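# This is a predicted model, with the sequence first.
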Amino acid sequence: MSHLLQVDQLIVEIGAVRIVDGVSFHIAAGETYALLGESGCGKSMTALSLMRLLPDGGRISAGSVRLDGENILTLPESAMRRVRGGGLAMVFQEPMLALNPVIKVGDQIAEALGLHQGLRGQPMTDAARALLDAVGVPDAARRLDSYPFELSGGLRQRVMIAMALAGQPKLLIADEPTTALDVTIQAQVLDVLRHLRAERRMGMLLITHDLGVVAENADRVGVMYAGELVEEGARADFFATPQHPYSRMLFDALPRPGDGGRLTTIPGQVPRLDEALHGCRFAPRCPFAIARCRLESPQWQAINGQRVRCHLAGSLPPRTAHAAGVHAIPAQTEQALLQVDGLKVHFPIRRGLIQRTIGHVRAVDDVSLSIQPGRTLALVGESGCGKTTVGKALLRLIEPTAGTVALAGETLGAHNVPTLRRQMQMVFQDPFSSLNPRMRVADILLEGMDALQIGAASARRDAVVQLLQQVGLPDDAGGRYPHAFSGGQRQRIAIARALAVAPRLLICDEPTSALDVSVQAQILNLLKDLQNRLGLAYLFITHNLAVVDYLAHAVAVMYLGRIVEHGAATDVLRAPRHPYTQALVSAVPRIDAQSGQSIIRLSGDQPSPLNPPAGCHFHPRCPHASEVCRQTYPDQTDLGGGHWVRCHWVAGQV
Amino acid sequence: MDIQPVILWTDGLIFALLAGVLALAWSISRQEHLRAPWAAVGRRPMAMGAALVLGVFVAIGLLDSLHYREKLADSPVDKPQYSVEVLSVFDALVGDLRTRNEKTYSAPLAMHLYAKEFVDRDGQAVREYPRLQYGGAHLRDATERRPDIVRRSAIALTQGLAASLLLFGVLAAWQARRAKLSLGEWLTRWGEGRLGWPGRTLVCMATLLLILAGVLMHLAAGYHVFGTDKVGQDVLYITLKSIRTGLVIGTLTTLVTLPLAISLGIAAGYFRGWVDDVIQYVYTVLNSIPGVLLIAAAVLIVQGYIESHPELFDNAAARADVRLLALCLIMGMTSWTGLARLLRGEALKLSTLDYVDAARAFGVSHTRILSRHIFPNVFHLVLIAIVLDFSGLVLAEAVLSYVGVGVDPSMHSWGNMINGARLELAREPTVWWQLGAAFTFMFTLVLAANLFADGVRDAFDPRREGGR
């Protein structure tokens, strides 16, 4: 049987490092093959070498790539240009970077059309419009004349897909196509991809690290680890019985809804590929490893339709179903640790010579929250809804426009900012930009203690060692620079830095979104441990609902600067009432896709906070919007048990 | 011979700068993340070869910055009097190269003047090319000149080779001992370029320089290698003396630029708001005034001041020196804007990074954030700017002196040499050697500086990491 794409023993080297080592797979027409793995395991390099677009210094040293039986690795560069776009097309991860900002969208699509279909003039414009229609861009004719900056992330990604389709490729390579997008937009884009594949009988190579995306889109799955393919199988088989210990641990590391137990973590990290590798590459991190694993690289073994590279294939103990842990809910105390009332952050927009204020971006518009000691409140919303601004305004990194913040009963103002800073600290999203690369870890940890004059100067050095132990880093870590640590370790340093001043409340701004699943599990475990041990309260700002489900006691859902639904985590996530929350919850790709619940598709994007819609901000996207929604902003509707929503539709039902 | 040391303003600043650079190098060598890019520079053959050439220039410049005055022979013992002429260690080393002046122009390696003159021969006035006083004075007639030059060059070549072989032998023995290798093994490694530093390039470069130095020394002993100028001074001597002027302009100007550029650039980027507005207006205004105009005005003011206060300067060298310093200052004042703008952009970017926010969340003061978080992270830009600006400034001096608003006309500088050669180029036959010598030396210095700057930029530019 001939496949659309047949990759055999592909070896890619950059310098002396083998970043892809003997990868073989095939994709049939109309099939989606998902390449799954953590960052740095060679997924993207595999995709780039199929297109022969490797970065400088990279070369394909062995193997063959056959597209419709033709080995494209031996083609001359001139013939390869026909294959790129015509045979294979690629959609990149970052839609912000993949479009040329100074050329109109229509012209960029037209360029590809002219190259591959030889169209000119009116037929070309028509074809471009048809492509935009096909990828679900509303008002396609007008969008052709837009520049990329006028489009939102989701629209840009669709334009990218349209460009990729312009050459009528046989195989579409999608490299993390939705990672940079919000869940509701992700659902839209994945929908478009699924639809197109079925319609055009394209093959699709989907590269992702998200098991949920794989579960909903792939026909077959390949798992990559350290440059090798370690497991391959049909989606249903793979999700029912993952065979490789690595695949199994990836599943176990996912936060489970409503389960407060510890997550399985994969100890250690992906091995450096420039070192000599012996035996199975996963052996150092594998709990089942035997002596043979360390000596001998395992060969492929077939187990009922699945293929796996593991010496112990088939003989591993069956996966134990996790006993759902009990949510340890600390006793409710009467007094809230943090009480926020009517917080507003408006950024003035200035124009003209004398910098006249012509309007405000209402990034945060009347937000009220409260957090009990030792509990976690998750602030959930899509990017641009103002959740990070809330966190920064609480710490007065951004001066709030209005509203009061009270910490342990004490209202905060300019006079008691130092007190506030001892009690409340922040952990940032990106562990690479949150640590100064020119400072030693010990100096980073000391900075807060020095600035706030905590403890005697002599005692602070000892405190550093203690902090490092607390977050599970070796004692000698203090003398090293941040670049010596991996992403997960850096996030531990960032947490230790916040803990250095012994705060009672940590504001965690997406602390795991830049990390791989297995590392995310380590950090979530750590946060949970610290909460149990030190009685910390968390304000957990995130867009990842699975993490919320795992960690949070209460949830507040934000839309365009306002909280639209608030309640206990189980209430809000299991029985969401606000149409926006419902859409958000249903859009999350789940690995147990059998639940069969239909995804609520939201049309369009979040409007700009500069000019929010009149009435309920959500009404332009809401499936239940009525006349009253367009006119007045809804009041709080109490549903009992601290669960409330702001929605006319729900209010009408109650 | 009694001497009285003289410390001119620029001498003091140059040695202060040298001390500063050494201190910086010491502190860099103690910090691993700062040392790494310099080690990368050290592995680039081109950069290290250029550094060696630069080193020779710097050594000459430094020797030329140790000034003194000789005691007059007939001065009373109890109240010593010193010559008004300020000399340097370099002058002492080159010996009588300074004093062997001819009457006027003579071509390189010539034994006759360049123009015919009436010479009294046996009571008859004959119009002919008179013999030089020093150049080729040891020769009996013109036929001996060529063999003599060849002989001297051959001796110089052998001596240069011998010296470099000796040096290489010592280096090899020392390095082999340090690496605990046999000499043969070290030599194989050296030959294959597996030393971890560009040994072959450096040794070849050093050999070349030694041979060149030998040839110059041997020929200069009997001839004027680059000829003589209008007043009969040896052009080689003037060219070598000009090195110091070029280096002073290139380095001291940067010294003036840096505090302004760093403090204003970072402040504008970090504080934003009205601070940013003010600083931006200042440098926009400064940038829109033609630089040459500003420099000319400032130099003329300084010139007027010097002339109306002769009592402040005890000799001509001090006067020329103050004018040089003034030129450095004014060039520094006009050239900080580029670096400041670069640093403003970088500081704007850095001040939004999470680690700055984290520091602010602890209530860390602005000065501390600037000194610990912002400055160390823009330092690589400062370094790159310094080495890139250096060659531009050397060239700028030549242009300004040519226009007549540069250094003092009595000071040796390439710009003045070119200015002096300007009119003579129109002469038939052309007097080309002054321009040629200035051009060769300036070209070598600027090329070496640019190649070195390239190496530094490649090593420090984070975008180029790994992509070699």
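Yep, it's here.
# Can you list the low-confidence ranges for the chain?
Reading this off chain A. A:1, A:257-260, A:320-334, A:592-598 (pLDDT under 70).
# Correction: the question concerned chain B.
In chain B (pLDDT under 70), the answer is B:1, B:461-468.
# swap the cut-off to 50 and go again
B:465-468 (pLDDT under 50).
# Work out the gap between the biggest helix by length in it and the centre of the chain.
Using DSSP state H, we find that the single longest helix of chain B is helix B:235-271. For helix B:235-271, the separation from the chain centroid amounts to 11 Å (computed by C-alpha atoms, centre = their mean, to the nearest Å).
# do that helix and chain A meet?
No: with C-beta under 8 Å from any C-beta of the partner chain as the criterion, chain A is not reached by helix B:235-271; the gap is at least 14.4 Å. Bear in mind the C-beta positions are built from the backbone N, C-alpha and C, glycine included.
# tell me which residues in that helix are buried?
B:235-258, B:260-270 (16 or more other C-beta atoms under 10 Å in any protein chain shown).
# And stretch A:66-76, by the same measure?
Per 16+ other C-beta under 10 Å, stretch A:66-76 contains these buried residues: A:66, A:67, A:72, A:73, A:75.
# same question, stretch A:403-410
A:403, A:405, A:406, A:407.
# then it to PDB, C-alphas only?
Below are the C-alpha coordinates for stretch A:403-410, written out as PDB (Å, rounded to 0.1, in the frame of the first residue of the first chain):
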ATOM      1  CA  GLY A 403     -11.300  50.600  44.400                       C
ATOM      2  CA  THR A 404     -10.000  49.400  47.700                       C
ATOM      3  CA  VAL A 405      -7.800  46.500  48.500                       C
ATOM      4  CA  ALA A 406      -7.800  45.200  52.100                       C
ATOM      5  CA  LEU A 407      -5.200  42.700  53.300                       C
ATOM      6  CA  ALA A 408      -6.100  41.000  56.600                       C
ATOM      7  CA  GLY A 409      -8.500  43.800  57.400                       C
ATOM      8  CA  GLU A 410      -6.100  46.600  56.700                       C
END
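# Contacts made by it with the rest, please.
With contact meaning C-beta atoms under 8 Å, 6 or more residues apart in numbering or on different chains, stretch A:403-410 is reached by A:335-344, A:366-367, A:394, A:411-412, A:416, A:419-420, A:423-424, A:504-505.
# How far off centre is it?
Counting by C-alpha atoms, centre = their mean, stretch A:403-410 comes out at 33 Å from the chain centroid.
# Could you tell me which residues of the stretch 351-500 of chain A lie near chain B?
A:392, A:395, A:397, A:417-418, A:421, A:425-426, A:428-430, A:433-439, A:447-448, A:451-452, A:481, A:483, A:494, A:497-498.
# Could you tell me the end-to-end distance of stretch A:249-265?
Taking C-alpha to C-alpha, to the nearest Å, stretch A:249-265 runs 7 Å from one end to the other.
# Over to stretch B:30-50?
Across stretch B:30-50, first to last residue, C-alpha to C-alpha, it's 25 Å.
# is any part of that stretch close to chain A?
Yes: Stretch B:30-50 reaches chain A (C-beta under 8 Å from any C-beta) through B:32, B:33.
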